[in-house]
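*Asks:* Give me a 3D structure for the following:
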Amino acid sequence: MSEATPRVVSVNISEKTGEKKHNVNSCVAIEEHGLEEDAHAGDWHRQVSLLATESIDKMRVQGLDVWPGDFAENLTTQGIELVSLPIGTQLKIGDIVLLEITQIGKECHTRCAIYYQAGDCVMPKEGIFARVLQGGEIQIGDEIHVLP
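*Replies:* Residues are numbered from 1 along each chain as shown. Now for the predicted structure:
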């Protein structure tokens, strides 16, 4: 039995940094910038953040009522072990968008509300960051392919 193709399950943006992101169903990824109208977009190496639903489920098991976007990730994925991908890996999202992984995990300088509720947060350990090499629209259901 083959596993399902990895895909995007939520496309999330926020107007300000440091807050949960909300699902917008689809969004334009801008080359060397990030997601249109997202507070974290810009000329740096963390233009787009990704977190797997499998990671969010770990927090649910701890009793938290958390959903895609609650960890301030831009793309919530399913069926791909993001943290196992090395820096420099390229991901094709849908037919057009090309991302390059630039960072795995992050240091949290301040503890978020999730950390205080659960005593832990998955984003610093299991979230990944990427820059946009080729832009285009990303939408829920888009397949994710790891390029060789």
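
*Asks:* Pretty sure Gly141 sits against Ser10.
*Replies:* No - counting by CB atoms under 8 Å, Gly141 stays clear of Ser10, with 10.5 Å between them. C-beta coordinates here come from the backbone N, C-alpha and C atoms, glycine included.

*Asks:* In terms of neighbours, single out the busier of these two.
*Replies:* Ser10 (22 against 11; other CB atoms under 10 Å).

*Asks:* Spatially nearest residue to that one, not counting backbone neighbours?
*Replies:* Using CB to CB, 6 or more residues apart in numbering and skipping residues adjacent in sequence, the residue nearest Ser10 is Pro68, 3.4 Å away.

*Asks:* How much space separates the residue nearest to Gly141 when sequence neighbours are not counted from Asp142?
*Replies:* Excluding its sequence neighbours, the residue lying closest to Gly141 (CB to CB, 6+ apart) is Arg7, at 6.0 Å. Using CB to CB, to the nearest Å, one obtains 6 Å as the distance from Arg7 to Asp142.

*Asks:* More neighbours: which of the two?
*Replies:* The residue with more neighbours, out of Arg7 and Asp142, is Asp142; 23 against 16, by other CB under 10 Å.

*Asks:* what about that one, distance to Pro68?
*Replies:* To Pro68, Asp142 is 14 Å away according to CB to CB.

*Asks:* Repeat that for Glu126.
*Replies:* Per CB to CB, Glu126 is found 14 Å from Pro68.

*Asks:* cool, His33 as well?
*Replies:* To Pro68, His33 is 22 Å away according to CB to CB.

*Asks:* what are the phi and psi angles of the closest residue to Ile96 other than its chain neighbours?
*Replies:* Excluding its sequence neighbours, the residue lying closest to Ile96 (CB to CB, 6+ apart) is Gly136, at 3.4 Å. The phi/psi pair for Gly136 (degrees, to the nearest 10) reads phi 150, psi -180.

*Asks:* For this structure, which segments are assigned as strands?
*Replies:* Along the chain, the segments classed as strands by DSSP state E run 7-13, 22-23, 26-30, 34-35, 48-52, 75-78, 90-93, 97-104, 128-134, 136-139, 144-146.

*Asks:* quick one: which of those is nearest Val61?
*Replies:* strand 48-52 (14.2 Å; CB to CB).
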